[in-house]
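Asks: sequence unavailable; structure follows:
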């Protein structure tokens, strides 16, 4: 009897479990069918193909114009100004007298030395005749000859001082301002005025960090006037032999046209240096998405049903130009990517897209 009861109990339990399992199975199937009745999550975006463009990286630095011939004029000897032979801003020719200093003392000393020279030459002539008669020693003749040479040297020295007290323009050019007039006393090495040649060419000096590609003699750079929109092409004519140890920059000198004499010595300009162009990929800026891992774009790939699916691609960003973003790494160039609305996407999401946009990239 006990065995029969156990068998009946087990049979009843099996029937109950089977019934509950069947009911649960039907519920799960109904839930699955209910879920499948909803459409798959999707997003609508605009799209475009990745495009390739030649990009030239540019660097802008400050430069300074340098006249090919520009000097500050100083006096070598002290003295009283006798006459000023120019007005500030005048154009003067080479050797034009600018300042005359008082040379009366030097002129008087010159007369004395000329008299000494006359006496020394006369003495030397007489002693030379007496030497032939053996009436004087050779030492006396040698001393007389030396006196002649010394007198000539003193005269040459005084003439040089007198000449240097007449201050002339070493080359043709435009004079600067001056604060000195007749009657003023000048100490040694006083700054009198400046002289700048009006050449058809002018230099621009600038420096580039050592991290940028080096320029070669003959390369061109663009010079922009800070006070205007004028852009002038300049050619590199020289560069420094060593990098500045403090600033880690290399100095360059370029030459540009100044035939209109519109550019001025020491004028500040901006120098634009363009690196050789390299091919890079470009995408619209709204195609870029970002997270904690960096920047990425969504490539749109077709599945087996010819539906578009999103696939994220991590990229490295380059320069931005207008509405376009340059990509330095991560793309092959044939990707079909999401643009407007890309922020809504995630991997494998179903995507509905419109006709690809026509991309344009402002090339510089």
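Replies: That came through, no problem. Worth saying up front: this structure is predicted, and the values here are computed from it rather than measured. Numbering: from 1, shown residues only.

Asks: checking the nearest residue to residue 164 once chain neighbours are set aside next. Helix, strand or coil?
Replies: With sequence-adjacent residues excluded and distances taken as C-beta to C-beta, 6 or more residues apart in numbering, residue 164 is closest to residue 76, at 5.1 Å. Every residue, glycine included, has its C-beta placed from N, CA and C. Under DSSP: H, G, I helix; E, B strand; the rest coil, the three-state class of residue 76 is coil.

Asks: count of neighbours near residue 76?
Replies: Using other C-beta atoms under 10 Å, residue 76 has 12 other residues around it.

Asks: check residue 244 too.
Replies: 12.

Asks: returning to that earlier point: touching, the residue nearest to residue 164 and residue 187? I think so.
Replies: No - between residue 76 and residue 187 there is no contact under C-beta atoms under 8 Å: 11.4 Å.

Asks: which regions of the stretch 151-300 of the chain sit below the pLDDT cut-off?
Replies: 228 (pLDDT under 70).

Asks: strands along that one, start to end?
Replies: In the stretch 151-300 of the chain, the strands defined using DSSP state E, counting those that start in this stretch lie at 166-168, 173-175, 185-186, 191-196, 201-209, 220-225, 231-239, 249-257, 268-274, 278-284, 289-291, 294-302.

Asks: just say which of the ones you listed is most tucked in.
Replies: Comparing the strands of the stretch 151-300 of the chain by mean neighbour count (mean count of other C-beta atoms under 10 Å), strand 173-175 comes out on top with a mean of 21.

Asks: and the residue nearest to residue 164, what is it in contact with?
Replies: Counting by C-beta atoms under 8 Å, 6 or more residues apart in numbering, residue 76 touches 164, 188, 189.

Asks: spatially speaking, which residue is in the middle of this structure?
Replies: The residue lying closest to the centre of the chain (C-alpha atoms, centre = their mean) is residue 61, at 3.4 Å.

Asks: where's that residue relative to residue 251, distance?
Replies: 11 Å (C-beta to C-beta, to the nearest Å).

Asks: which residue packs closest to residue 98, ignoring adjacent ones?
Replies: Per C-beta to C-beta, 6+ apart, closest to residue 98 is residue 167, 4.9 Å.

Asks: for the one you found, name its beta-bridge partners.
Replies: For residue 167, the residues forming beta bridges with it (DSSP bridges) are residue 99.

Asks: from now on call the first residue 11
Replies: Taking 11 as the first residue, the last one we looked at is residue 177.

Asks: quick one: it from residue 109, how far?
Replies: Distance, residue 177 to residue 109, by C-beta to C-beta: 4 Å.

Asks: which residues are common contacts for these two?
Replies: 85, 202.

Asks: format the contacts of residue 86 as JSON lines; extra columns: neighbour count and distance to residue 131.
Replies: Output for those, formatted as JSON lines (neighbours: other C-beta atoms under 10 Å; distance: C-beta to C-beta, whole Å):
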{"residue": "174", "neighbour count": "16", "distance to residue 131": "27"}
{"residue": "198", "neighbour count": "10", "distance to residue 131": "35"}
{"residue": "199", "neighbour count": "10", "distance to residue 131": "38"}
